[in-house]
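[1] Sequence first, then the predicted structure, then my questions.
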Amino acid sequence: MKFGIELVPNEPVFKIAAYTKLAEEQSFEYAWITDHYNNREVYSTLSVLALATNKIKIGAGVTNPYTRSPVMTAASIASVNEIAGGRAVLGIGPGDKMTFEALGLAGEKPLTAVKETAEAVRELLTGKKVTYEGSTVKLKNAKLDFADPKKTGVDMNIPIYIGAQGPKMLETAAAVGDGILINGSHPDDFKAAAVQIQKGADAVGKKAEEIDVAAYTCFSIDDDLDKAYASAKPVTAFIIAGASDVLLERHGISKESKTEIAEAISKGDFKGLQTMITDSMADRFAVVGDFDECMKKVKELEKAGVTQIAAGSPLGPNKEKSIKLIGKMIAEF
Ligand SMILES: C[C@H](OP(=O)(O)OC[C@@H](O)[C@@H](O)[C@@H](O)Cn1c2nc(=O)[nH]c(=O)c-2cc2ccc(O)cc21)C(=O)N[C@@H](CCC(=O)N[C@@H](CCC(=O)O)C(=O)O)C(=O)O
């Protein structure tokens, strides 16, 4: 099992770099930085992480085809890769529709846009001239002059992961991605995803087992169980409020509860959410508990086919303490 950490750049970049350095010292293999327009810019953040670390792989987890053109995504991740000495990874997803409204972006044809962006970026990273005639991506002799490994001495064959949850996006992800980042923390989510992953891999003659299936989890670990659950519940509330009907049904959450939770969020009633979100609800949408509890849940995710645990927000009531507890888990895994 590989372990990664998801960090949201809603704190100063040097703080994000300190968490990443600590994660590297705890033998985490990946650091994924989320990409939302309203947070610190992902590639600026990754450049600082590249300088602050020397082993951990670092990448966007995940960017999208709309707020940046594929060429700028390729140029940005290739630049980070050169600074990091070949440690960059790139996650591409359809983007968070809610944030697009503020930007006047429609986020059309998400499957096609993600597929074409991944294909175009992969071609651009060869450093060769690229002509790509897609329906959402059009390039004519575009070339990243510096991406030629003979010039930089850095392997630009950057692994491309796809952020995916819906069935068709999961199929697309399996077909075009080296890995998949799936927002989910419960084995049932990955048993369901396995069907689409197999279908998508079969469609292009890939072996499904070659795909790194990363659980992009809501993770909350602490010695104090109550504190771990209290820290997980607000994030669980946001997940439920944005969950599809399929996800709600899979985890036994009624549409009425979803509406109540969404209303409490919009009113900022985070105290009320602590009772509205029960521990068993949190268990469905988060890896939460003390060390033994979380170890047990991670092993259940491994049995469900997960090959990378990306420990995501909130990590726990005390981030540094949680990173060290997960480090202990990595050492004992
Ligand atoms: C588009 C959407 O795909 P989805 O995978 O469910 O998207 C939900 C999220 O994954 C998406 O919002 C991500 O960008 C969210 N996301 C992040 N979003 C962000 O904006 N920033 C992040 O940092 C971020 C991180 C992240 C990490 C992991 C992860 O799994 C998701 C993450 C969907 O609705 N898919 C459906 C329908 C797809 C569809 O629209 N099909 C149409 C269009 C076809 C076409 O595209 O041509 C059709 O079939 O006609 C499906 O997969 O079945």
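    Received the coordinates, thanks.

[2] quick one, helices of the stretch 1-150 of the chain?
    13-25, 42-52, 70-83, 97-103, 110-124, 149-152 (DSSP state H, counting those that start in this stretch).

[3] Which helix or strand lies directly C-terminal to the shortest one?
    This means helix 149-152. strand 160-163 (DSSP states H and E).

[4] got the contact list for that following strand?
    59, 61-62, 89-94, 114, 118, 121-122, 169, 172-173, 176-183, 212, 214, 216 (CB atoms under 8 Å, 6 or more residues apart in numbering). Using the backbone N, CA and C atoms, a C-beta is placed for each residue, glycine as well.

[5] Wondering if whatever helix or strand comes next after it reaches the ligand at all.
    Next along the chain after strand 160-163, taking DSSP H and E as the criterion, comes helix 167-176. Yes. Under the criterion of CB under 6 Å from any ligand atom, helix 167-176 makes contact with the ligand via 167-169.

[6] JSON lines for the residues you listed, including distance to residue 269, neighbour count and pLDDT?
    Output for the residues of helix 167-176 next to the ligand, formatted as JSON lines (distance: CB to CB, whole Å; neighbours: other CB atoms under 10 Å; pLDDT from 0 to 100):
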{"residue": "167", "distance to residue 269": "33", "neighbour count": "15", "pLDDT": "96"}
{"residue": "168", "distance to residue 269": "35", "neighbour count": "13", "pLDDT": "97"}
{"residue": "169", "distance to residue 269": "32", "neighbour count": "22", "pLDDT": "98"}
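
[7] possible to save those residues as CSV with distance to residue 246?
    Shown next, in CSV, are those (distance: CB to CB, whole Å):
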residue, distance to residue 246
167, 8
168, 12
169, 13
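
[8] State the pLDDT value of residue 307.
    The model reports residue 307 with a pLDDT of 98.

[9] Just list the residues touching it, thanks.
    When contacts are taken as CB under 8 Å, 6+ apart, residue 307 is in contact with 1-2, 212-214.

[10] Leaving out chain neighbours, which residue sits closest to the one residue in the chain that gets nearest to the ligand?
    The nearest approach of the chain to the ligand comes at residue 166, 2.3 Å away (CB to the nearest ligand atom). Nearest residue to residue 166 in three dimensions, chain neighbours excluded: residue 244, at 7.4 Å (CB to CB, 6 or more residues apart in numbering).

[11] neighbours around that neighbour, how many?
    Counted with other CB atoms under 10 Å, residues neighbouring residue 244 total 10.

[12] From residue 259, how far off is it?
    Look at residue 244 and residue 259: by CB to CB, to the nearest Å, they are 14 Å apart.

[13] Quick check: the spatially closest residue to residue 55 that is not a sequence neighbour vs residue 50, distance?
    Leaving aside its sequence neighbours, residue 55 sits nearest to residue 24 (CB to CB, 6+ apart; 5.6 Å). Look at residue 24 and residue 50: by CB to CB, they are 12 Å apart.

[14] Then residue 22?
    16 Å.

[15] The two: which has the busier surroundings?
    residue 50 (22 against 16).

[16] thought that one was touching residue 58?
    Yes. Between residue 50 and residue 58 there is a contact under CB atoms under 8 Å: 6.2 Å.

[17] Identify the contacts common to these two.
    80, 84, 87-88.

[18] now those: which count as buried?
    80, 84, 87-88 (16 or more other CB atoms under 10 Å).

[19] In CSV: those, plus pLDDT.
    Formatted as CSV, those follow (pLDDT from 0 to 100):
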residue, pLDDT
80, 98
84, 98
87, 98
88, 98
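
[20] what residues does the stretch 151-300 of the chain put near the ligand?
    Looking at the ligand, the residues of the stretch 151-300 of the chain close enough under CB under 6 Å from any ligand atom are 163-169, 181-183, 216.

[21] State the pair within these that is farthest apart.
    Largest separation among these by CB to CB: 168 and 216, giving 18.4 Å.

[22] And the lowest-mean-pLDDT helix or strand in the chain, what's buried?
    When each helix and strand of the chain is scored by mean pLDDT, DSSP states H and E, helix 149-152 comes last, with a mean of 82. Residues of helix 149-152 classed as buried by neighbour count (16+ other CB under 10 Å): residue 152.

[23] And for stretch 206-224?
    206, 211-222.

[24] Could you show which parts of the stretch 1-150 of the chain are in contact with the ligand?
    So the stretch 1-150 of the chain meets the ligand at 34-36, 61-62, 64, 93-96, 99, 109-112 (CB under 6 Å from any ligand atom).
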